[in-house]
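Visitor: sequence? don't have it. structure:
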């Protein structure tokens, strides 16, 4: 009888714990959705600001020294006359400006800062 009482007490406590976790999950999901929406809004704002001050060319085919063609995105200051210094960034990984999982532009702060300071950025 004592073991039955212990099992009943444990299952009640676990049930209460499970219930409290289930009731708190939607609040966590809502906070996550809110944070995601804020991130999307912030990234869209950064992209819009970049579009205002830069000339943006995407998927430009650039010929390398070995003759291979490489796709690159180019961000140039829109108000520049003549040549500007270039920051060349290259990675073997995906360079798309769109964050597929988030459904928004990826973080474009680096490109925005480069253009603000008068640099062209090629990636």
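Guide: Sure thing, it's come through. What you see is a predicted model; the values in this text were computed from it and never measured.
Visitor: okay, which residue is most central for this structure?
Guide: residue 106 (3.9 Å; CA atoms, centre = their mean).
Visitor: Now it: phi and psi?
Guide: phi -70, psi 180 (degrees, to the nearest 10).
Visitor: Leaving out sequence neighbours, find the closest residue to it.
Guide: Nearest non-adjacent residue to residue 106, counting by CB to CB, 6 or more residues apart in numbering: residue 99, 4.4 Å away. (Glycine included, C-beta is placed from N, CA and C.)
Visitor: What of residue 123?
Guide: Using CB to CB, 6+ apart and skipping the chain neighbours, the partner closest in space to residue 123 is residue 89 (4.4 Å).
Visitor: and stretch 35-52, average pLDDT?
Guide: Per-residue pLDDT over stretch 35-52 has a mean of 90.
Visitor: which residues sit against it?
Guide: 56, 75, 78, 97, 99, 102-109, 111-112, 115 (CB atoms under 8 Å, 6 or more residues apart in numbering).
Visitor: Looking at the residues you listed, which are in strands?
Guide: Mapping these onto strands (DSSP state E) picks out 56, 75, 99, 104-105.
Visitor: Okay, and residue 58 sits in which element?
Guide: strand 54-63 (DSSP states H and E).
Visitor: for residue 34, that is, sorry about that
Guide: Residue 34 belongs to helix 2-53, assigned by DSSP H and E.
Visitor: Which strands or helices does whichever strand or helix holds residue 121 pack on?
Guide: Residue 121 belongs to strand 120-122 when elements are defined using DSSP H and E. Contacts defined by 3 or more CB pairs under 8 Å, 6 or more residues apart in numbering; DSSP states H and E place strand 120-122 against strand 69-77, strand 86-88, helix 109-116.
Visitor: give me the number of residues near the nearest residue to residue 64 once chain neighbours are set aside?
Guide: Computed as CB to CB, 6+ apart, the closest residue to residue 64 that is not its neighbour in sequence is residue 70, at 5.7 Å. Residue 70: 12 surrounding residues under other CB atoms under 10 Å.
Visitor: No further questions, thank you.
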